[in-house]
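Trainee: coords please:
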Amino acid sequence: MTLAGILLLVIGVLWIGGGTLWLLARRRYKIYQIPSFAMDLIGFPVEIAQSIWGRGAVPYAFLLPNMLIFGCFTFSPMILNFFVSMTDGTSISLFDRPWIGFAKYTEIFDCESIFVPKSCSNAGFNFWTGMFNTLWFVAIQVPILCAVALITALVVNKNIKGRGLWRAMFFYPVMLSPVVIANIWNWVLHRKGVLNEAIGGASDTMTGLAGMAGFDMVMTILLAVVLMFVSERALRFGKIPALPWTALFGALFAMLFAWANPLSLLELPGSFWVGVALASVLCWMVSVQHPFARHLFFVFCAAAALLLLSIQFDAVFDFGRYSPVNWLVTPNTNWPFFWLVFVFTWSHMGFYMLILLAGLQAIPSDLYEAAKMDATSAPRTFYRITLPLVMPTLTVVVVLSLIRSFQIFDEVYLLTGGGPGRDTYMIVQNFYEVAFTNSVPDYGQAAAGSVLMAVVIAVFTFFQLWITRRQSEF
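Mentor: Prediction:
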């Protein structure tokens, strides 16, 4: 019998046998009182704790079953994992593994510089490559996930038609298995997948339209009309342009900037990102209600007019023959990493959206009514009322998403396998491969890496407690 089996047997004997003797020594039961005796036996630990230590021990007696479960399935494995990290060998039996101390940790830190994984030993190279990839993934993915979840929660918290349906649709991916999610997106993103077929069909259509006489003039006029309509809607509400219409204008301006590609005159790349940066500056100035926001909006309108005059639509839409891209394995493009962030955000956003939605619904409606009576703008209401009051919930969401992002494995392993090369090689995949897929499993090395990873997660947990305590003080 295993150690866990012996432990459970001892607990059962003490609980049932000791409880029966203790109860029968103090009470007399008749045959029809057997159900009452069974209930008293279940509550035996609480009763004996109260009789020995008083009422103060009752809460600990209620916690005892939960603590036993945590001890067996959480704390004990953590202690055993730390012990395994101090041993060597390929046996899974603890008594057959020789004690080597901190040798496995030394192998991980055997580097000229941990910031240059190629200067490390083989174990250090794999560990630090996975660690830095994971940190980079967390730094990009967590802000995106939290922002998307917050925006979605704000939208579905409004009184819109089909609100329940939209909430269910956003939450639906959370209920899917990571294996199902990875297979769905693999079907979309592989070389002959849905995405390449859609882009190829659109490319052929636009190239055909570009050959039609006068198409460039028609598209120029159409885009100019759309920009005029959006700008008029943004500027009609007063001294400060409306933020939603400004955001739409900024998106159109970024695309227009990319199409016109003015940086090509200087033989420089990156027109798209420059356009996005400029549009972001405009949206930020409008959101903070800067006094020069309206003047800057007129500058952007003039710049958009100049960009329209410079666009050659026949060149823009002459895509030629579209070559399918294998989005998940093409090296030196960052596409695998991008799609990994996208898929992970899509599949987990609904869970954090519900948490934030609960936080938003806890905000008293009287505050919004008072702000409406004071003619407070929507951006100011968000920054002064919604964001401060939802911040405790948002803090929990940030920490939970940080921990979950550090633990990413299923989607990476099934979508990219850590490739191309080591571009999407994450830390949990390193533990899995070292312990289970190598020809010679190294449980000690995997355990040592997981202990270091646990330290990182513990730091974020303590950070959450510190933030929560500071917020409760204020």
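Trainee: in the stretch 201-350 of the chain, what spans have low per-residue confidence?
Mentor: Counting by pLDDT under 70, the ranges of the stretch 201-350 of the chain that qualify are 202-219, 237, 265-267, 311-322.
Trainee: quick check: mean pLDDT across the helix ranked longest in the chain?
Mentor: In the chain, with assignment by DSSP state H, the single longest helix is helix 122-156. For helix 122-156, mean pLDDT rounds to 91.
Trainee: Show me what whatever helix or strand comes next after that helix is packed against.
Mentor: Toward the C-terminal end, the helix or strand that comes next after helix 122-156 (DSSP states H and E) is helix 163-171. With contacts taken as 3 or more C-beta pairs under 8 Å, 6 or more residues apart in numbering; DSSP states H and E, helix 163-171 sits against helix 122-156, helix 335-361. Where C-beta positions appear, they are placed from N, C-alpha and C, glycine not excepted.
Trainee: So which bits of the longest one are buried?
Mentor: If I follow you right, that is helix 122-156. Within helix 122-156, the residues scored as buried using 16 or more other C-beta atoms under 10 Å are 123-134, 137-138, 140-142, 145-146, 148-150, 152-154, 156.
Trainee: do the last one as well
Mentor: Using 16+ other C-beta under 10 Å as the burial criterion, the residues of helix 335-361 that qualify are 335-337, 339-341, 343-345, 347-357, 359-360.
Trainee: and what of stretch 240-257?
Mentor: So, applying 16+ other C-beta under 10 Å, buried residues of stretch 240-257: 240-243, 245-250, 252-254, 256-257.
Trainee: about what we covered before: between helix 163-171 and the longest helix of the chain, find me the angle.
Mentor: Compare the direction of helix 122-156 with that of helix 163-171 by axes from the mean of the first three to the mean of the last three C-alpha atoms, to 10 degrees and you get 170 degrees.
Trainee: elements contacting helix 122-156?
Mentor: In terms of contacts (3+ C-beta pairs under 8 Å, 6+ apart), helix 122-156 is packed against helix 103-108, helix 163-171, helix 335-361, helix 387-406, helix 427-432, helix 443-473.
Trainee: Compile those helices into CSV and extend it with columns for distance to Gly417.
Mentor: Output for those, formatted as CSV (distance: least, C-beta to C-beta, whole Å):
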stretch, distance to Gly417
helix 103-108, 23
helix 163-171, 29
helix 335-361, 10
helix 387-406, 19
helix 427-432, 8
helix 443-473, 18
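Trainee: what's the closest of the ones you listed to Trp15?
Mentor: Of all those, it is helix 443-473 that lies closest to Trp15, at 32.2 Å by C-beta to C-beta.
Trainee: Now do that closest one: which elements does it pack against?
Mentor: helix 76-84, helix 103-108, helix 122-156, helix 387-406, helix 427-432.
Trainee: Give me the angle between the longest one and helix 335-361.
Mentor: Meaning helix 122-156. Going by the same axes, to 10 degrees, helix 122-156 makes 40 degrees with helix 335-361.
Trainee: repeat for the fourth one
Mentor: Interaxial angle of helix 387-406 relative to helix 335-361 (the same axes, to 10 degrees): 140 degrees.
Trainee: Could you identify the helix or strand that succeeds helix 387-406?
Mentor: Next helix or strand after helix 387-406 toward the C-terminus (DSSP H and E): helix 410-415.
Trainee: just checking, what packs against that next one?
Mentor: Judged by 3+ C-beta pairs under 8 Å, 6+ apart, helix 410-415 is in contact with helix 178-189, helix 335-361, helix 427-432.
Trainee: returning to what we had before: which one of the helices and strands packed on helix 163-171 lies nearest to Gly418?
Mentor: For those, the distance to Gly418 is smallest for helix 122-156, at 8.3 Å, taking C-beta to C-beta.
Trainee: roughly how far out does the closest one sit from the chain middle?
Mentor: 6 Å (C-alpha atoms, centre = their mean, to the nearest Å).
Trainee: quick one, that helix and helix 443-473 angle?
Mentor: Using the same axes, to 10 degrees, helix 122-156 lies at 40 degrees relative to helix 443-473.
Trainee: Quick one: residues contacting Val138.
Mentor: Shown in contact with Val138 (C-beta atoms under 8 Å, 6 or more residues apart in numbering): 402, 405-406.
Trainee: what's the closest of the residues you listed to Leu278?
Mentor: Checking the contacts of Val138 against Leu278 with C-beta to C-beta, the nearest one is Ser405 at 30.3 Å.
Trainee: Pull up the gap between the closest one and Trp99, please.
Mentor: In this view, Ser405 and Trp99 are 35 Å apart by C-beta to C-beta, to the nearest Å.
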